[in-house]
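In: Dropping a prediction and its sequence here:
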Amino acid sequence: MKKLFLIFILLLLSACSIINTDRTSIQTPEVAKPPIYGKWTISKYINTYKTNDDNFQYKDIIGSDVLFASDEAMVSGDYIINPSYRTKRVNVDEYLYKKYNLNYKNLNIENKDAFAISLKQKDISNYEIIKVSDDTAFIIRNNFIFQISKTDDDLTEDQLKVDISRNREDSSGLTIENLSDKADIGLMLGLKEPNQSKLPSFNYKTLYIKFSPEGVENVYESPNILLPRKDGFYQVEIQRVSKKDEISDNLLIKKRVDPLNDRQAKEKIYQIEDNNILKNINFISEDIINIENISFEKNLRKLRIYDINNIEKKEPLQIAYFISSDDNKALIKETNDKLKDNDNIGIYRENGYWKLMGRDNASNGYFIKDFDLNIVLPNSINKYNVLNIPMTDLKKFNSKIKDAFISPDNKYLITLENTMLKIYNIGNGNIISNAIFEREIGQDTSVIMSQWSMGRYSKLWQKEITRKN
């Protein structure tokens, strides 16, 4: 019994000797570094929308520090306390297309694997950071994209805090957040509402929302579609014609002529007519129009996109028109291989963006299969049409939202909700819950045209829509 007791004591003492009783060896665990860390610098402005913007225009932003620490950050003069970092691995090609309607090649990167990092402070909308390598990332905010380059990864938390404090003291107040001009702006929307009739027919109208720095100045309405083009405004309408047993729709695009200006020559009317074919306008912009041709005789609904200037030739545009010269012929072939009819393409709205789709028609009957072609449309179609608040977040704000636009200065959200068009203020990147404007627009109304005007053009468009011919 004594031997057993001694063995027990020896085991207990040996076990105790394993424990390190030296208190000086106990250390506070290091705070985990955020997914993007250290000292970075804004090195380049990314002109994704092919405008006249360049690096010189943003010279006061380029070269400024971007500092990421665990419990604070500084993004070119914008101080963020207790930031929340959220990260996920993404395929850049798919991610930029689906969320921002951007082609990843605009960023001049080759590797499609990246990390999407959300940097957010409570009550303030987030920055999105696309980290493509250890030393290169892109920061996205309010439609602006800047490349940032790492300059120091070895700074401690304390050193970063000193740098952040110094940047706060030296800040001029200029941030990516307030880069947008405070100019007058306007949004012209072409709307389509289906009629309740046996044959497909639609009512078309134009709304022009005029904003000033103080808020919504006015909202104007005009029958039919009022189309802004380089040489003036055009009126677009569908005229239904009945001849014996045939019913046809004629498309007319006619320049508006000022009756008080005698020097204006009589303008040609662009038109297209097909016997016994009904027409549905799905999209129109300055240069092109997308029509759905409905034939009851052949039991078909086909899509066609035309160049407005050459519409009477009835030569539909194909995929090659929408693919930039930077992309290779393989992409054109790959896309055409998805289509049974290379002319059967159209433009539609999804998640707040215009997108290109293909259509397959069944050989018999009205069965239709529409599918996204995953091609970013040219800037002429999507100019200023950027949702810096993704549609998923807009749906969380209000599940009734079916389409949306955000003003280029990021101050206003315009939504289509059931039968209503509503406008909301945006403050600090967050939507203010009470709408500042509402208007009834009709059941199942959809957008077929969207164009933004900036500065003096917003006033010219205002004058045009209020003018009566």
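Out: Now that the structure is in, tell me what you want to look at. Residues are numbered from 1 along each chain as shown.
In: tell me the contacts of the residue lying closest to residue 351 once chain neighbours are set aside?
Out: Of all residues not flanking residue 351 in the chain, residue 391 sits nearest, at 4.0 Å (Cβ to Cβ, 6 or more residues apart in numbering). To be clear about C-beta, it is placed using only N, CA and C from the backbone, and glycine gets the same treatment. Going by Cβ atoms under 8 Å, 6 or more residues apart in numbering, residue 391 touches 351-352, 401, 404.
In: Can you tell me how far residue 391 is from residue 404?
Out: 7 Å (Cβ to Cβ, to the nearest Å).
In: now swap in residue 69 and tell me
Out: Remark: distance between residue 69 and residue 404 (Cβ to Cβ) = 35 Å.
In: if we can go back for a sec, could you check how far the residue nearest to residue 351 is from residue 329?
Out: Distance from residue 391 to residue 329, by Cβ to Cβ: 33 Å.
In: just for the stretch 251-400 of the chain, where's the confidence low?
Out: In the predicted model, the stretch 251-400 of the chain carries pLDDT under 70 at residues 258-267, 325-327, 363-366.
In: which stretches of it form helices?
Out: Assigned by DSSP state H, counting those that start in this stretch, the helices in the stretch 251-400 of the chain fall at 329-336, 379-382, 391-397.
In: And the ones you listed: which comes nearest residue 359?
Out: Shortest separation from residue 359 across the helices of the stretch 251-400 of the chain is recorded for helix 329-336, at 13.4 Å, computed as Cβ to Cβ.
In: then that closest one to CSV, C-alphas only?
Out: Output in CSV follows, covering the C-alpha atoms of helix 329-336 (Å, rounded to 0.1, in the frame of the first residue of the first chain):
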residue,chain,number,x,y,z
LYS,A,329,-12.3,36.6,-82.2
ALA,A,330,-12.6,33.5,-80.0
LEU,A,331,-15.0,35.2,-77.7
ILE,A,332,-17.2,36.2,-80.7
LYS,A,333,-17.2,32.6,-82.0
GLU,A,334,-17.8,31.2,-78.5
THR,A,335,-20.9,33.5,-78.1
ASN,A,336,-22.2,32.8,-81.5
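In: Look up the closest residue to the residue minimising distance to the centre of the chain, ignoring the ones flanking it.
Out: In the chain, the centroid-proximal residue (Cα atoms, centre = their mean) is residue 386; its distance is 2.8 Å. Closest residue in space to residue 386, ignoring its immediate chain neighbours: residue 143 at 4.7 Å, by Cβ to Cβ, 6+ apart.
In: Which positions within the host helix or strand of residue 158 qualify as buried?
Out: Following DSSP states H and E, the helix or strand that holds residue 158 is helix 157-170. Under the neighbour-count criterion of 16 or more other Cβ atoms under 10 Å, helix 157-170 has 160-161, 163-164, 167 buried.
In: and that helix, what other elements does it pack with?
Out: strand 38-45, strand 65-68, strand 72-75 (3 or more Cβ pairs under 8 Å, 6 or more residues apart in numbering; DSSP states H and E).
In: Which helix or which strand is home to residue 93?
Out: Following DSSP H and E, one finds residue 93 within helix 92-100.
In: Note down every partner strand of the helix or strand following that helix and its orientation.
Out: Following helix 92-100 in sequence order, the next helix or strand is strand 113-121 (DSSP H and E). Strand 113-121 has its sheet partners listed here by DSSP bridges as strand 84-91 (antiparallel), strand 124-131 (antiparallel).
In: got the angle for the last one vs strand 38-45?
Out: By that I understand strand 124-131. 80 degrees (axes from the mean of the first three to the mean of the last three Cα atoms, to 10 degrees).
In: Could you tell me which of the contacts of residue 391 belong to strands?
Out: 401, 404 (DSSP state E).
In: Just put the contacts of residue 391 in a markdown table and tack on neighbour count and distance to residue 422.
Out: Converted to a markdown table, the contacts of residue 391 look like this (neighbours: other Cβ atoms under 10 Å; distance: Cβ to Cβ, whole Å):
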| residue | neighbour count | distance to residue 422 |
| --- | --- | --- |
| 351 | 16 | 18 |
| 352 | 22 | 15 |
| 401 | 18 | 9 |
| 404 | 23 | 10 |
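In: and of the contacts of residue 391, the nearest to residue 375?
Out: Minimum distance to residue 375 across those is 15.4 Å, recorded for residue 351 (Cβ to Cβ).
In: Quick one: residues contacting the closest one.
Out: 98, 387, 390-391 are the contacts of residue 351 under Cβ under 8 Å, 6+ apart.
In: Return the members of these classed as buried.
Out: Counted by 16+ other Cβ under 10 Å, the contacts of residue 351 give 98, 387, 391 as buried.
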